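Trainee: Pasting a predicted model and its sequence here:
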Amino acid sequence: MKPTVLISRRWPAAVESLLAKQFDTTVNTSDKPLTAVQFRDALSEYDAILPTVTDSIDNRVFDGLTAETVRTRIIANYGVGFSHIDIQRAKALGICVTNTPDVLSECTADIAMMLILMVARRAGEGERELRANGWTGWRPTHMMGTRVSGKTLGIVGFGRIGRETAKRARGFNMNVVVHNRSAIDPVLLNTFNAVQCSSLDELAASADFISLHCPGGAENKHLIDARIIEQMKPDSYLINTARGEVIDEEALIEALQSKRIGGAGLDVFDNEPAINPAFKSLENAVLLPHLGSATNETRNAMGERVIGNLNAFFGQGEPPDRIG
(Lines give C-alpha, C1' and ligand atoms only; values in the text may rest on other atoms or scores of the structure.)
Protein backbone atom coordinates (compact mmCIF):
# COMPACT_ATOMS: atom_id res chain seq x y z
CA MET A 1 0.00 0.00 0.00
CA LYS A 2 1.12 3.55 -0.72
CA PRO A 3 1.86 5.74 2.29
CA THR A 4 -0.96 8.15 3.11
CA VAL A 5 -0.07 11.84 2.82
CA LEU A 6 -1.91 15.04 3.78
CA ILE A 7 -1.10 18.31 1.99
CA SER A 8 -2.14 21.16 4.28
CA ARG A 9 -2.49 23.79 1.51
CA ARG A 10 -2.82 23.69 -2.29
CA TRP A 11 0.40 23.17 -4.25
CA PRO A 12 1.06 23.98 -7.91
CA ALA A 13 -0.88 21.46 -10.00
CA ALA A 14 2.22 19.85 -11.49
CA VAL A 15 3.70 18.80 -8.14
CA GLU A 16 0.31 17.84 -6.69
CA SER A 17 -0.04 15.46 -9.64
CA LEU A 18 3.48 14.11 -9.18
CA LEU A 19 2.83 13.49 -5.48
CA ALA A 20 -0.49 11.75 -6.18
CA LYS A 21 1.22 9.28 -8.54
CA GLN A 22 3.53 8.09 -5.77
CA PHE A 23 1.42 8.39 -2.61
CA ASP A 24 -2.16 8.05 -1.37
CA THR A 25 -2.72 11.80 -1.23
CA THR A 26 -5.35 13.93 0.49
CA VAL A 27 -5.38 17.65 -0.31
CA ASN A 28 -6.89 20.39 1.83
CA THR A 29 -8.95 21.74 -1.06
CA SER A 30 -10.27 24.67 1.01
CA ASP A 31 -6.71 26.09 0.91
CA LYS A 32 -7.30 27.61 4.35
CA PRO A 33 -5.05 26.97 7.37
CA LEU A 34 -5.94 23.83 9.29
CA THR A 35 -6.74 24.15 12.99
CA ALA A 36 -4.73 22.61 15.80
CA VAL A 37 -7.48 20.02 16.26
CA GLN A 38 -7.38 19.10 12.58
CA PHE A 39 -3.61 18.65 12.71
CA ARG A 40 -3.88 16.57 15.88
CA ASP A 41 -6.42 14.30 14.19
CA ALA A 42 -4.23 14.11 11.08
CA LEU A 43 -1.30 12.83 13.14
CA SER A 44 -3.39 9.76 13.89
CA GLU A 45 -4.68 9.31 10.34
CA TYR A 46 -1.78 9.88 7.92
CA ASP A 47 1.71 8.49 7.46
CA ALA A 48 3.00 11.90 6.42
CA ILE A 49 1.89 15.52 6.86
CA LEU A 50 3.09 18.24 4.50
CA PRO A 51 2.62 21.65 6.16
CA THR A 52 3.65 25.13 5.08
CA VAL A 53 4.89 28.23 6.90
CA THR A 54 1.27 29.28 7.48
CA ASP A 55 0.67 26.26 9.72
CA SER A 56 1.43 26.04 13.44
CA ILE A 57 2.33 22.55 14.59
CA ASP A 58 3.07 23.35 18.20
CA ASN A 59 2.07 22.33 21.73
CA ARG A 60 -1.62 22.76 20.90
CA VAL A 61 -1.20 19.99 18.34
CA PHE A 62 1.14 17.66 20.24
CA ASP A 63 -0.29 17.87 23.77
CA GLY A 64 -1.83 14.58 24.87
CA LEU A 65 -0.32 12.54 22.03
CA THR A 66 1.97 9.56 22.51
CA ALA A 67 4.14 7.58 20.15
CA GLU A 68 1.55 4.80 20.34
CA THR A 69 -1.32 7.03 19.24
CA VAL A 70 0.53 8.80 16.44
CA ARG A 71 0.56 7.32 12.95
CA THR A 72 2.54 10.09 11.26
CA ARG A 73 6.23 9.32 10.88
CA ILE A 74 7.36 12.32 8.84
CA ILE A 75 6.42 15.99 8.70
CA ALA A 76 7.82 17.16 5.36
CA ASN A 77 7.65 20.94 5.44
CA TYR A 78 6.96 22.83 2.20
CA GLY A 79 9.38 25.67 2.89
CA VAL A 80 12.81 26.31 4.33
CA GLY A 81 11.80 27.97 7.61
CA PHE A 82 10.56 25.66 10.35
CA SER A 83 9.99 27.83 13.41
CA HIS A 84 6.26 27.00 13.12
CA ILE A 85 6.99 23.35 13.96
CA ASP A 86 7.93 22.15 17.45
CA ILE A 87 10.86 20.03 16.34
CA GLN A 88 11.61 18.64 19.80
CA ARG A 89 8.04 17.50 20.41
CA ALA A 90 7.95 15.85 17.01
CA LYS A 91 11.26 14.11 17.67
CA ALA A 92 10.02 12.85 21.05
CA LEU A 93 7.11 11.20 19.23
CA GLY A 94 9.44 9.57 16.72
CA ILE A 95 8.47 11.90 13.88
CA CYS A 96 11.09 12.95 11.33
CA VAL A 97 10.96 16.58 10.15
CA THR A 98 12.35 17.88 6.85
CA ASN A 99 12.38 21.19 4.96
CA THR A 100 13.24 22.50 1.48
CA PRO A 101 16.52 24.46 1.53
CA ASP A 102 18.48 25.79 -1.45
CA VAL A 103 15.67 25.99 -3.99
CA LEU A 104 14.21 29.30 -2.78
CA SER A 105 17.41 31.17 -1.91
CA GLU A 106 17.77 33.10 -5.16
CA CYS A 107 14.17 34.25 -5.55
CA THR A 108 13.96 35.34 -1.90
CA ALA A 109 17.16 37.35 -2.34
CA ASP A 110 15.54 38.91 -5.42
CA ILE A 111 12.63 40.06 -3.26
CA ALA A 112 15.02 41.49 -0.65
CA MET A 113 16.83 43.48 -3.32
CA MET A 114 13.54 44.60 -4.82
CA LEU A 115 12.36 45.85 -1.42
CA ILE A 116 15.61 47.76 -0.97
CA LEU A 117 15.08 49.51 -4.29
CA MET A 118 11.36 50.10 -3.77
CA VAL A 119 11.66 51.67 -0.34
CA ALA A 120 14.75 53.71 -1.23
CA ARG A 121 13.24 55.09 -4.44
CA ARG A 122 9.70 55.40 -3.02
CA ALA A 123 8.25 53.18 -5.73
CA GLY A 124 5.16 52.21 -3.73
CA GLU A 125 4.32 55.84 -3.02
CA GLY A 126 4.83 56.75 -6.66
CA GLU A 127 2.55 54.05 -7.98
CA ARG A 128 -0.18 54.94 -5.49
CA GLU A 129 0.02 58.61 -6.49
CA LEU A 130 -0.17 57.77 -10.18
CA ARG A 131 -3.08 55.34 -9.82
CA ALA A 132 -4.97 57.93 -7.75
CA ASN A 133 -4.51 60.49 -10.55
CA GLY A 134 -2.42 62.61 -8.23
CA TRP A 135 0.66 62.98 -10.43
CA THR A 136 0.94 66.45 -11.92
CA GLY A 137 4.11 65.85 -13.91
CA TRP A 138 7.87 65.84 -13.49
CA ARG A 139 9.41 68.44 -11.21
CA PRO A 140 12.88 68.72 -9.64
CA THR A 141 11.76 68.16 -6.06
CA HIS A 142 9.12 65.48 -6.63
CA MET A 143 9.33 62.30 -4.53
CA MET A 144 13.07 62.27 -4.12
CA GLY A 145 14.44 59.07 -2.66
CA THR A 146 17.78 57.65 -1.61
CA ARG A 147 20.63 56.36 -3.76
CA VAL A 148 21.31 52.62 -3.37
CA SER A 149 24.56 52.22 -5.30
CA GLY A 150 27.64 52.56 -3.13
CA LYS A 151 25.73 52.38 0.16
CA THR A 152 26.38 49.93 3.00
CA LEU A 153 24.15 46.87 3.24
CA GLY A 154 24.00 45.09 6.59
CA ILE A 155 22.97 41.44 6.31
CA VAL A 156 21.73 39.68 9.44
CA GLY A 157 22.16 35.94 8.94
CA PHE A 158 24.73 34.85 6.37
CA GLY A 159 23.18 31.59 5.26
CA ARG A 160 22.14 30.70 1.73
CA ILE A 161 19.68 33.58 1.29
CA GLY A 162 21.94 36.10 2.99
CA ARG A 163 24.81 35.15 0.67
CA GLU A 164 22.58 35.41 -2.40
CA THR A 165 21.54 38.88 -1.26
CA ALA A 166 25.19 39.87 -0.84
CA LYS A 167 25.84 38.64 -4.38
CA ARG A 168 23.13 40.94 -5.72
CA ALA A 169 24.40 43.86 -3.65
CA ARG A 170 27.74 43.60 -5.43
CA GLY A 171 25.95 44.51 -8.65
CA PHE A 172 25.06 47.83 -7.02
CA ASN A 173 28.61 48.33 -5.76
CA MET A 174 27.36 48.18 -2.17
CA ASN A 175 29.61 47.66 0.82
CA VAL A 176 28.49 44.54 2.68
CA VAL A 177 28.71 44.02 6.44
CA VAL A 178 27.24 40.96 8.11
CA HIS A 179 26.16 39.74 11.51
CA ASN A 180 25.98 36.01 12.07
CA ARG A 181 25.53 33.93 15.22
CA SER A 182 28.75 32.06 14.43
CA ALA A 183 32.10 33.06 12.94
CA ILE A 184 32.21 33.09 9.14
CA ASP A 185 35.11 31.62 7.20
CA PRO A 186 37.30 34.53 6.04
CA VAL A 187 37.54 32.92 2.60
CA LEU A 188 33.74 33.06 2.30
CA LEU A 189 33.69 36.68 3.44
CA ASN A 190 36.33 37.57 0.86
CA THR A 191 34.23 35.92 -1.84
CA PHE A 192 31.53 38.52 -1.22
CA ASN A 193 33.93 41.29 -0.22
CA ALA A 194 32.07 41.35 3.10
CA VAL A 195 33.10 42.22 6.64
CA GLN A 196 31.70 40.46 9.69
CA CYS A 197 30.62 42.81 12.48
CA SER A 198 31.47 41.98 16.07
CA SER A 199 27.87 42.60 17.15
CA LEU A 200 24.40 43.42 15.88
CA ASP A 201 24.81 46.83 17.49
CA GLU A 202 27.84 47.54 15.30
CA LEU A 203 25.96 46.52 12.16
CA ALA A 204 22.91 48.62 13.07
CA ALA A 205 25.02 51.73 13.53
CA SER A 206 26.97 51.36 10.30
CA ALA A 207 24.48 50.10 7.70
CA ASP A 208 22.35 52.21 5.35
CA PHE A 209 20.13 49.19 4.68
CA ILE A 210 19.62 46.24 7.03
CA SER A 211 18.31 43.05 5.44
CA LEU A 212 17.16 40.20 7.70
CA HIS A 213 17.89 36.62 6.70
CA CYS A 214 18.09 34.87 10.06
CA PRO A 215 15.84 32.03 11.27
CA GLY A 216 12.65 32.74 13.19
CA GLY A 217 11.72 31.08 16.45
CA ALA A 218 12.20 31.91 20.10
CA GLU A 219 15.93 32.58 19.90
CA ASN A 220 15.43 35.40 17.40
CA LYS A 221 12.06 36.75 18.54
CA HIS A 222 12.27 40.56 18.52
CA LEU A 223 15.95 40.41 17.63
CA ILE A 224 15.34 43.82 16.08
CA ASP A 225 13.83 45.68 19.01
CA ALA A 226 13.56 49.32 20.06
CA ARG A 227 17.16 49.38 21.28
CA ILE A 228 18.56 48.16 17.96
CA ILE A 229 16.29 50.46 15.96
CA GLU A 230 17.47 53.38 18.08
CA GLN A 231 21.02 52.68 16.94
CA MET A 232 20.15 52.72 13.24
CA LYS A 233 21.01 55.74 11.14
CA PRO A 234 18.13 58.22 10.82
CA ASP A 235 18.09 57.76 7.04
CA SER A 236 18.53 53.96 7.07
CA TYR A 237 16.06 51.28 5.99
CA LEU A 238 15.01 47.92 7.46
CA ILE A 239 14.20 45.01 5.12
CA ASN A 240 12.60 41.75 6.27
CA THR A 241 12.17 38.64 4.13
CA ALA A 242 12.93 36.27 7.04
CA ARG A 243 10.16 35.86 9.65
CA GLY A 244 7.82 38.45 11.09
CA GLU A 245 8.62 37.67 14.72
CA VAL A 246 12.25 38.75 14.23
CA ILE A 247 11.09 42.39 14.46
CA ASP A 248 9.31 44.06 17.37
CA GLU A 249 6.61 45.51 15.14
CA GLU A 250 5.37 48.05 17.68
CA ALA A 251 8.89 49.48 17.98
CA LEU A 252 9.25 49.56 14.19
CA ILE A 253 5.89 51.27 13.69
CA GLU A 254 6.82 53.93 16.23
CA ALA A 255 10.15 54.51 14.45
CA LEU A 256 8.43 54.81 11.08
CA GLN A 257 5.70 57.12 12.36
CA SER A 258 8.25 59.43 13.99
CA LYS A 259 10.57 59.09 10.99
CA ARG A 260 13.29 57.88 13.33
CA ILE A 261 14.49 55.79 10.35
CA GLY A 262 14.03 56.27 6.63
CA GLY A 263 11.67 53.39 5.98
CA ALA A 264 11.05 49.66 5.88
CA GLY A 265 10.39 46.98 3.27
CA LEU A 266 8.47 44.01 4.67
CA ASP A 267 7.52 40.72 3.03
CA VAL A 268 6.68 38.94 6.30
CA PHE A 269 4.74 39.90 9.41
CA ASP A 270 4.15 38.66 12.92
CA ASN A 271 0.79 36.84 13.11
CA GLU A 272 0.31 36.99 9.34
CA PRO A 273 -2.02 37.17 7.51
CA ALA A 274 -3.26 39.49 10.27
CA ILE A 275 -1.22 42.66 9.81
CA ASN A 276 -1.02 45.55 12.25
CA PRO A 277 -3.27 48.18 10.57
CA ALA A 278 -0.79 50.92 11.44
CA PHE A 279 1.55 49.63 8.73
CA LYS A 280 -1.04 50.33 6.05
CA SER A 281 -1.10 54.05 6.78
CA LEU A 282 2.68 54.47 6.56
CA GLU A 283 3.95 55.86 3.28
CA ASN A 284 7.55 54.99 4.26
CA ALA A 285 6.77 51.28 4.41
CA VAL A 286 6.61 48.91 1.43
CA LEU A 287 4.40 45.91 2.23
CA LEU A 288 4.28 42.60 0.34
CA PRO A 289 2.11 39.52 1.04
CA HIS A 290 4.92 37.00 1.74
CA LEU A 291 6.09 36.68 -1.87
CA GLY A 292 9.68 35.55 -1.16
CA SER A 293 9.44 32.18 -2.92
CA ALA A 294 6.49 33.02 -5.17
CA THR A 295 7.74 32.02 -8.61
CA ASN A 296 6.44 29.09 -10.64
CA GLU A 297 9.90 27.60 -10.86
CA THR A 298 10.58 27.84 -7.13
CA ARG A 299 7.24 26.59 -5.86
CA ASN A 300 7.48 23.58 -8.18
CA ALA A 301 11.05 22.92 -7.02
CA MET A 302 9.92 23.11 -3.38
CA GLY A 303 7.28 20.45 -4.02
CA GLU A 304 9.79 18.23 -5.79
CA ARG A 305 12.15 18.62 -2.83
CA VAL A 306 9.39 17.49 -0.45
CA ILE A 307 8.69 14.47 -2.64
CA GLY A 308 12.39 13.60 -2.64
CA ASN A 309 12.42 13.64 1.15
CA LEU A 310 9.32 11.43 1.29
CA ASN A 311 10.77 8.93 -1.18
CA ALA A 312 14.00 8.69 0.78
CA PHE A 313 12.19 8.29 4.10
CA PHE A 314 9.67 5.67 2.98
CA GLY A 315 12.41 3.92 1.02
CA GLN A 316 14.14 3.34 4.35
CA GLY A 317 16.83 5.88 3.53
CA GLU A 318 17.90 9.14 5.12
CA PRO A 319 15.95 12.20 3.90
CA PRO A 320 18.47 14.69 2.45
CA ASP A 321 16.86 17.65 4.20
CA ARG A 322 16.25 16.20 7.66
CA ILE A 323 16.21 18.84 10.41
CA GLY A 324 14.85 16.74 13.27
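Mentor: Received, thanks. Numbers count the residues shown, from 1 in each chain.

Trainee: Not counting its neighbours along the chain, what's nearest C214?
Mentor: G157 (3.3 Å; C-beta to C-beta, 6 or more residues apart in numbering). For every residue, glycine as well, the C-beta is placed using N, CA and C.

Trainee: Domain map for this structure?
Mentor: Following automatic domain parsing, one finds the domains of the chain at 4-103+296-314, 105-287.

Trainee: Would you mind giving both backbone torsions of the residue nearest to C214?
Mentor: The phi and psi values for G157, taken as degrees, to the nearest 10, are phi 100, psi 100.

Trainee: What separation do you get for it and D185?
Mentor: Going from G157 to D185 by C-beta to C-beta, to the nearest Å gives 15 Å.

Trainee: need the contact list for I85.
Mentor: P51, I57, D58, I75, N77, V97 (C-beta atoms under 8 Å, 6 or more residues apart in numbering).

Trainee: and of the residues you listed, the nearest to T25?
Mentor: P51 (14.5 Å; C-beta to C-beta).

Trainee: if we can go back for a sec, only the buried subset of the contacts of I85, as a PyMOL command please.
Mentor: Paste this into PyMOL to select the buried members of these, with burial taken from 16 or more other C-beta atoms under 10 Å:
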select buried, resi 51+57+75+77+97
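
Trainee: Nearest to T4 among the contacts of I85?
Mentor: So of the contacts of I85, ranked by how close each gets to T4 (C-beta to C-beta), first place is I75, at 13.7 Å.

Trainee: quick revisit: output the domains of the chain in CSV; the columns should cover distance to P320 and mean pLDDT.
Mentor: Shown next, in CSV, are the domains of the chain (distance: least, C-beta to C-beta, whole Å; pLDDT from 0 to 100):
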stretch, distance to P320, mean pLDDT
domain 4-103+296-314, 6, 96
domain 105-287, 15, 97
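
Trainee: Quick one: the ones you listed as CSV, columns for distance to R322 too.
Mentor: As requested, the domains of the chain are arranged in CSV below (distance: least, C-beta to C-beta, whole Å):
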stretch, distance to R322
domain 4-103+296-314, 5
domain 105-287, 16
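
Trainee: Which parts of the chain are helices?
Mentor: 13-22, 36-42, 59-62, 87-92, 105-120, 123-131, 160-170, 186-191, 200-206, 226-231, 249-257, 277-280, 296-314 (DSSP state H).

Trainee: What residues of the last one count as buried?
Mentor: This points to helix 296-314. Residues of helix 296-314 classed as buried: 298-310, 312-314 (neighbour count, 16+ other C-beta under 10 Å).

Trainee: relative to helix 105-120, how tilted is that helix?
Mentor: In terms of direction (axes from the mean of the first three to the mean of the last three C-alpha atoms, to 10 degrees), helix 296-314 departs from helix 105-120 by 140 degrees.

Trainee: quick one: the most centrally placed residue in the chain and V187, what's the gap?
Mentor: Of all residues in the chain, the one closest to the mean position by C-alpha atoms, centre = their mean is A242, 3.5 Å from it. Counting by C-beta to C-beta, the separation of A242 from V187 is 25 Å.

Trainee: Next: D267.
Mentor: Distance from D267 to V187, counting by C-beta to C-beta: 31 Å.

Trainee: Looking at those two now, which is surrounded by more residues?
Mentor: D267 (24 against 7; other C-beta atoms under 10 Å).

Trainee: so who does the more buried one touch?
Mentor: So D267 contacts I111, A112, L115, N240, T241, L288, P289, H290, L291, G292 (C-beta under 8 Å, 6+ apart).
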